[in-house]
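Participant: Compute the structure for the input listed below.
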Amino acid sequence: MEAFSVIEQGLAWKIGDGRLCRIGRDPWVGCNESYALSPGLLRLLDHTGIFTLNQIEKIGHSSIWGQAWKSAEDLGLNIRWKNEWNSFVQELQRSNVRIKEGLDALIWAQGDSGYYSPKDGYSFLVQKKGWGNPEWWAKLIWKLNGPAKAKILIWCLLKRKVPTWDSLQARYLAGPGRCPLCKSEEESIKHLFLSCEVSKKIWAELSKLININAQLVNDSLDVAWKRWWESHPEGNMRALPMIFFWGVWIARNRMLFQDKATPIEVTTINSAAIYTAFPAPDPKPSRRSSKIMNLQEGTPWAFFDGASQNHRAGASLCIFFSKDHFMKASVGLGIGT
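Facilitator: Residues are numbered from 1 along each chain as shown. Below you'll find the predicted structure:
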């Protein structure tokens, strides 16, 4: 039910007889923002008794080439509203709306099936105006080798959705106040995972145990994560802070909810065991790269591929004879999958 506001934004009418789709208020399948009319023009149409799409059908003037709609002159609109109405009619014609038998049907217009799914809703929200691109780490963290719960935790940390005292306080909720581990400062994401003396000791012991000499910068968790990611591409090192954060979080919750302190050595050994249990996957060359590596010098080759996004398709090709004799080409294929 909480997602209904999202669903409502993505609904549109699949036009039948046009008796349910309201003019200037309701979108139809395939329309753009031109479907919405200004409040002044809507009041004028309401005053003349025109509310739904079937009322502006120009009966007897349609053909196999398209549906005929009433013009501004037919509706008695003055020059003030003429351009706006013409844009509305042009949008009806562009999206090939036709009045036919059967009732209008309200469907989810942001996917192929006509039914809402969480995946369609997510894609719809990402593409809406005002929504920025996903963070650089949004997909990368799920490819790390480690427990699923640790991946969820680091995602929540980077989104600042973990219920530490600073987050709870911002939402006027009660929380632990002081850090459950060191009990010397107020708890926050930065303090608990980067500044807390107990967390620092856990990291130091963990570094010794797995034989590395690296530090997490004590600035902010976002900065610490990015610097670690950029400076440690080898093996499964990128997953180490994630597993360390998870160990700290478990120790924190045990102290907070069970009033039991977890020895630093226990958290360190558990984190090291998890880290070594998830080695980095062996890199596998892609099918395409392996073909390229096996090509002998002087042998001509060609590749082609196609793709579709948001129902617009395209294709490209590359034909190679030598460094001085090759061709590249691409073509748009219009609407399609």
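
Participant: Just give me the longest helix of this protein.
Facilitator: Under DSSP state H, the helix in the chain containing the largest number of residues is helix 240-258.

Participant: List the buried residues for whichever helix or strand comes after that helix?
Facilitator: Going down the chain from helix 240-258, the next helix or strand is helix 264-277, by DSSP states H and E. For helix 264-277, burial by neighbour count (16 or more other C-beta atoms under 10 Å) applies to Ile264, Thr267, Thr268, Asn270, Ser271, Ala272, Ile274, Tyr275. Where C-beta positions appear, they are placed from N, C-alpha and C, glycine not excepted.

Participant: What is the nearest of those to Gln110?
Facilitator: Ile274 (39.8 Å; C-beta to C-beta).

Participant: Would you map the helices across the stretch 101-250 of the chain?
Facilitator: 118-127, 148-158, 165-170, 189-190, 197-209, 221-231, 240-258 (DSSP state H, counting those that start in this stretch).

Participant: report the angle between the axes of the longest helix of the chain and helix 221-231?
Facilitator: Counting by axes from the mean of the first three to the mean of the last three C-alpha atoms, to 10 degrees, helix 240-258 lies at 150 degrees to helix 221-231.

Participant: residues in contact with Asn213?
Facilitator: For Asn213, the contacting residues are Ser207, by C-beta atoms under 8 Å, 6 or more residues apart in numbering.

Participant: Tell me the spacing between it and Asn54.
Facilitator: Separation of Asn213 from Asn54 (C-beta to C-beta, to the nearest Å) stands at 75 Å.

Participant: neighbours around the closest residue to Ser220 other than its chain neighbours, how many?
Facilitator: Among residues not flanking Ser220 along the chain, Lys190 sits closest, at 5.8 Å (C-beta to C-beta, 6 or more residues apart in numbering). Applying other C-beta atoms under 10 Å, we find 18 other residues in the vicinity of Lys190.

Participant: same check, this time on Leu181
Facilitator: By the criterion of other C-beta under 10 Å, Leu181 has 24 neighbours.

Participant: Can you check what pLDDT the model gives it?
Facilitator: pLDDT for Leu181: 95.

Participant: Asn253 is in contact with that one, correct?
Facilitator: No - using C-beta atoms under 8 Å as the test, Leu181 is too far from Asn253 to be in contact (10.6 Å).

Participant: how is the protein carved up into domains?
Facilitator: 4-127, 140-277, 287-335 (automatic domain parsing).

Participant: Low-confidence regions, this protein specifically.
Facilitator: 128-133, 280-298 (pLDDT under 70).

Participant: what residue is smack in the middle of it?
Facilitator: In the chain, the residue lying closest to the centroid (C-alpha atoms, centre = their mean) is Val126, at 4.6 Å.

Participant: Quickly note the distance from the residue lying closest to that one once chain neighbours are set aside to Arg238.
Facilitator: Nearest non-adjacent residue to Val126, counting by C-beta to C-beta, 6+ apart: Pro134, 7.1 Å away. Pro134 sits 18 Å away from Arg238, going by C-beta to C-beta.

Participant: quick one: which of those two has more around it?
Facilitator: When neighbours are counted by other C-beta under 10 Å, Pro134 and Arg238 differ, and Arg238 comes out ahead with 22 against 9.

Participant: Would you mind confirming that the more buried one makes contact with Leu144?
Facilitator: Yes - Arg238 is within contact range of Leu144, at 6.1 Å (criterion: C-beta under 8 Å).

Participant: From Leu158, how far out is the nearest residue to Ser195 once chain neighbours are set aside?
Facilitator: What sits nearest to Ser195 in space, not counting adjacent residues and going by C-beta to C-beta, 6+ apart, is Asn218, at 6.0 Å. Using C-beta to C-beta, one gets 17 Å for the distance from Asn218 to Leu158.

Participant: of those two, who's got more company?
Facilitator: Leu158 (18 against 12).

Participant: and the more buried one, what does it touch?
Facilitator: Counting by C-beta under 8 Å, 6+ apart, the residues that Leu158 touches are Glu135, Trp137, Ile141, Leu221, Asp222, Trp225.

Participant: and the residue of the chain most remote from its centre, which of the three is it?
Facilitator: Here the chain reaches farthest from its C-alpha mean at Gly60, the gap being 46.8 Å by C-alpha atoms, centre = their mean. Secondary structure assignment for Gly60 (DSSP: H, G, I helix; E, B strand; the rest coil): coil.

Participant: who's in contact with it?
Facilitator: Gly60 neighbours (C-beta under 8 Å, 6+ apart): none.

Participant: burial measure for Ser308, as a count.
Facilitator: 13.

Participant: Spatially nearest residue to it, not counting backbone neighbours?
Facilitator: Thr337 (5.0 Å).

Participant: quick one: that neighbour and Asn32, what's the gap?
Facilitator: 20 Å.
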